[in-house]
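K.L.:
Predicted model and sequence below, questions to follow.
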Amino acid sequence: MSSSVTTRGAADSTKPFFSMSKLGTAAVAKIYRNPGRYWNFLSETLSILLERPDAADLVDKIKKEIEKAPLDEQTLFFHTEPLDVALVVTGRTSDPNLISRYLSLVKQQNWDRDSEHSIGGRWRRAR
């Protein structure tokens, strides 16, 4: 199973923007009841925490790649912390302040109370 996320310029347009493999949206929706919520939270993570004005475009690129991946890789993707995805896509690293702000956003959006999702858990344990 290969997984890669890269930012790229126009010269690299033949390479996948985000690749874990290939996905099936309808099948993932059955497993992950609200993928739209994940995409929205990823977009907020990119725009609010990482201050990326191109957050919507980045999410669209990732979404297109994920929708092409096999079901097992889609499932893995939706269990990845949005902060981890955002950091890889932007080439940034985490720091204590960013993690604290992320966990505040998680709490604000009630992800920490949602039994379907484990958003924030990895970063709470890392502190």
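P.N.:
Yep, it's here.
K.L.:
Give me the secondary structure label for Asn40.
P.N.:
Per DSSP: H, G, I helix; E, B strand; the rest coil, the local secondary structure of Asn40 is helix.
K.L.:
How many neighbouring residues does it have?
P.N.:
The burial metric for Asn40, expressed as a neighbour count using other Cβ atoms under 10 Å, is 14. All C-beta spots, glycine's among them, are computed from the backbone N, C-alpha and C.
K.L.:
do the one 10 residues further on as well
P.N.:
Using other Cβ under 10 Å, Leu50 has 17 neighbouring residues.
K.L.:
Phi, psi for it please.
P.N.:
For Leu50, the backbone dihedrals are phi -100, psi 0 (criterion: degrees, to the nearest 10).
K.L.:
can you list the weak-confidence ranges in this protein?
P.N.:
Screening the chain residue by residue with the criterion pLDDT under 70, one finds the ranges 1-33, 112-127.
K.L.:
same thing but 50
P.N.:
1-11, 19-24, 27, 31, 115-116 (pLDDT under 50).
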